[in-house]
Each structure stands twice: as structure tokens, then as C-alpha cells.
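# What would the 3D arrangement of this be:
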Amino acid sequence: MRLLVIDTSSVVSVALIQAPDDSSSGDAQILSDLVGTDTHRHAEDLTPAVRSALAEAGWDAPDVILAGDGPGPFTGLRVGLATAQTLAFAWGIPVYGLCSLDGLAHQAAPLAVAAGASELLAVLDARRKELYWARYSSRGERLDGPHVGGVETLPMRAETLPVNGTSLPDGVVLAGAGVAARSEQLAAHPLPVLPGTESLAVSAAHLGLAWLEQGRPQDAPRARYLRESDAVVPGSMAGVDVKAGQRG
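As a prediction, this is how the structure comes out:
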């Protein structure tokens, strides 16, 4: 099976994976793994990245497309999902979706195990001084989330909580690019950071491997925006009938 993976939940990331045709996750081979650095050039960078990856691998088309469906900012996430669905329609192949944070957790999990951590919180920058986050076991299995909110919405250690609060076990670490983006807000937070992951973005290759290891779930892509778009209709346009050009 030739698998194309696209993720635009933070930066643009594109991967090609050659996997067994059956449902096993073993022997998967990563042929291409691009992880960009710009969080504002999704529309400009995504299609050239897909085209380049396919050309280097010698593929005319993949057999399946997997799209990271967030959480992520509205515009960037929409670019990735629309591109994945358009390509799937053009090629006549299936397209599936998976939580983008699952890919981040898959990449960080081995580091968490090596550090002796029991669980990790995968975090990405949600702007507005907030984070997208989900809670995972040290094996990369999602336990809770995804969520969006300020640093104060993250689960905390028992000793930092008010009575009857929900606490985390010892050995929980933060991992992901949200750490660097929200470093000021996290300075007073009691959770330790997994070294080397402070700027870790979602890797499409790890998202694809996570999907294979989860048994290749055939869920349709669904945008996990988790909150409303930053775009606001100007007050002067409120109630305007665009077709008629008159106020309703």
C-alpha cells in the first residue's frame, strides 16, 4: 500500500509510506518525510511538497491518503483537508483522517519512555496565548482530548490542585511545539518538559505510522477546530443580503 500523509495543523508536513497491503503495521517504510518550519505558508507550500515527494518516489499516485485533521488554526487546517480531499477525488482513492496530536505523541513517546515518564501531554500552539493539547500514555495511546485552552486548563499535579481537583500521576511530561510558543505562560506551570521536544511539530510520517499501528481506522477527515474562526464578519456587513445587496 502506498500511503500519502498530509498534515497542516501547525507547519506543512508531507510523508510517503510504503506499507504492507494487509492490516499489519510492521515493515512500513518511510520514503519521504518533509516537515516545514513556517506556520503561515500552508497554501503556498503544500501542493509543491506533495508534487516533489511523489516525483522523488516515482509514484504516479498513492493508494490511500491520510490527513491530519487537527486540532489546528482554521485556515491552515482547512488547506490540508481540502487538498487531501481534492486529491483523493481526482485519483479516485480513499482519504481518512486522524487527530494530528496522535502523530506528535507517536514521535515523542519513545523519548518519554527513555526518560522514565509514565504519560505525556502533547501540546501545539493554538495562538491567543492558548494550547491545543491531549493526554497520552508513554506508548502513545490517547487517554484524553484533544482540547484547547490556556495553560491553566492543562491537568496539574495533585499538590497544585484545589480540593477535589483532577490530578495527574507522577512522571507526566509536556512535549511539542506548544512548549516553545507558550514558554512565558508555562514558566509557572509545575509540569516538566520532555527535553528536546520543546519545538517539535507534527510529523506526517509519525502520523502515518500511528495510523498504521492503530489498525488503519477508516474515519473520514473531520476538522477539529475546537473553537470558532478568528475571522469575524464586520459590523457593517451584519444582516446584509449579499445577493440582493440590501439589508435583511
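# Just the helices from this protein, written as ranges.
Here the chain has its helices, by DSSP state H, at 42-57, 74-91, 100-114, 178-181, 183-186, 204-213.
# helices or strands next to the fifth one in the packing?
The criterion is 3 or more C-beta pairs under 8 Å, 6 or more residues apart in numbering; DSSP states H and E, and there are no helices or strands that helix 183-186 contacts. All C-beta atoms are positioned from the backbone trio N, CA, C, and that covers glycine.
# Could you tell me which residues make contact with T47?
T83 (C-beta atoms under 8 Å, 6 or more residues apart in numbering).
# about what we covered before: can you lay out the helices of the chain as a markdown table showing distance to R227 and mean pLDDT?
Converted to a markdown table, these look like this (distance: least, C-beta to C-beta, whole Å; pLDDT from 0 to 100):
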| stretch | distance to R227 | mean pLDDT |
| --- | --- | --- |
| helix 42-57 | 18 | 92 |
| helix 74-91 | 9 | 95 |
| helix 100-114 | 15 | 95 |
| helix 178-181 | 15 | 94 |
| helix 183-186 | 17 | 89 |
| helix 204-213 | 22 | 97 |
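# Can you list the residue ranges for strands in this protein?
Using DSSP state E, the strands of the chain run over 2-7, 13-18, 29-35, 64-68, 95-98, 119-127, 130-137, 142-149, 156-157, 167-168, 172-175, 240-241, 246-247.
# And the pLDDT for L174?
Here the pLDDT value assigned to L174 is 93.
# partners of it in the sheet?
Here L174 shows beta-bridge partners L121, V193, assigned using DSSP bridges.
# so it sits right up against P192, yeah?
Yes: distance between L174 and P192: 7.1 Å, which falls inside the contact criterion (C-beta atoms under 8 Å).
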